[in-house]
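Enquirer: Any chance you could fold what I've pasted below:
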Amino acid sequence: MNKHTHKFYKVMLYRFLLVITIFTFLYVMASNTTHKTNNISNINGVKSIEAIHIITKYDNRNQTLAVREVANMQEAMLYGPDMPISFIGQMTAYNPVCEGCTGKVACPPRQDVRNGNIYFDDNTYGTVRILAADPAIPCGTIVQVTNVSFSNDPIIGIVLDRGGAIKGNIMDFLVTETDDMNVIGRQRNVRYEVLRWGW
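Expert: This next block holds a predicted model:
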């Protein structure tokens, strides 16, 4: 190998190493960008509408994500596990000593709701009201209730009970044995927004 050929190969080797160094630098810089991956699972690895609400309430352009309005329980079951939903329905009231009631709610942990025990302490949402709902809405679902005549503020409730007459877009609001259920009566055009789909 002559002197010129040796010099040529040496220059080519330096250029090759320079190109590799540049590509490596660009790759490292691209890998260290602050790209955030949203995790929408709860601690048990189960997809949770609560996590979707908390993490993806806003999209990448800081625009509020739409809550899907559903018309019936079939649509609620279809969309509820994967996206924020709401629906318009009715509300009635019941107490723990009603006909056919046992004094305990139907959903685990089957809390005894007699003697004014009409609240549930949720790990995430704190003290919330107990609701009975259609079986299409799973136990543990957290719901924000608005547009009721007996409260100007939103009410946060948890689905922990069922009822023979509670079908479709209606929920039953648990009250104490001494409360006047006529105060609630039958509320119409109540807005329910699901904050967490089941446990």
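Enquirer: which regions of the chain lie under the pLDDT threshold?
Expert: Within the chain, the ranges that satisfy pLDDT under 70 run 1-6, 25-65.
Enquirer: quick one: the strands in it?
Expert: Residue ranges of the strands in the chain, as given by DSSP state E, are 68-69, 85-94, 119-122, 126-132, 142-146, 155-161, 170-174, 187-196.
Enquirer: and Gly100, which of those strands is closest to it?
Expert: When these are compared by Cβ to Cβ, strand 85-94 sits nearest Gly100, at 10.1 Å. Backbone N, C-alpha and C define where each C-beta goes, glycine included.
Enquirer: Do me a favour and get the end-to-end distance for stretch 114-126?
Expert: One end of stretch 114-126 to the other measures 20 Å (Cα to Cα, to the nearest Å).
Enquirer: got the contact list for Ile130?
Expert: The contact partners of Ile130, by Cβ atoms under 8 Å, 6 or more residues apart in numbering, come to 105, 111, 113, 118-120, 157-158, 160-161, 174.
Enquirer: Let me fix that, I meant to ask about Glu193.
Expert: Neighbouring residues of Glu193 by Cβ under 8 Å, 6+ apart: 67, 84-86, 143-144, 146.
Enquirer: Could you rerun that using 7 Å?
Expert: Residues in contact with Glu193 (Cβ atoms under 7 Å, 6 or more residues apart in numbering) are 67, 86, 143-144.
Enquirer: Equivalent analysis for Asp179, please.
Expert: When contacts are counted by Cβ under 7 Å, 6+ apart, Asp179 touches Asn95.
Enquirer: from now on call the first residue 503
Expert: Noted, 503 is the first residue going forward, which turns the last one into Asp681.
Enquirer: And the residue nearest to Gly582 when sequence neighbours are not counted, how far from Tyr581?
Expert: Among residues not flanking Gly582 along the chain, Trp699 sits closest, at 4.9 Å (Cβ to Cβ, 6 or more residues apart in numbering). Going from Trp699 to Tyr581 by Cβ to Cβ, to the nearest Å gives 10 Å.
Enquirer: on that earlier part again, could you pick out the buried ones from the contacts of Glu695?
Expert: Listed as buried from these are 588, 645-646; burial here means 16 or more other Cβ atoms under 10 Å.
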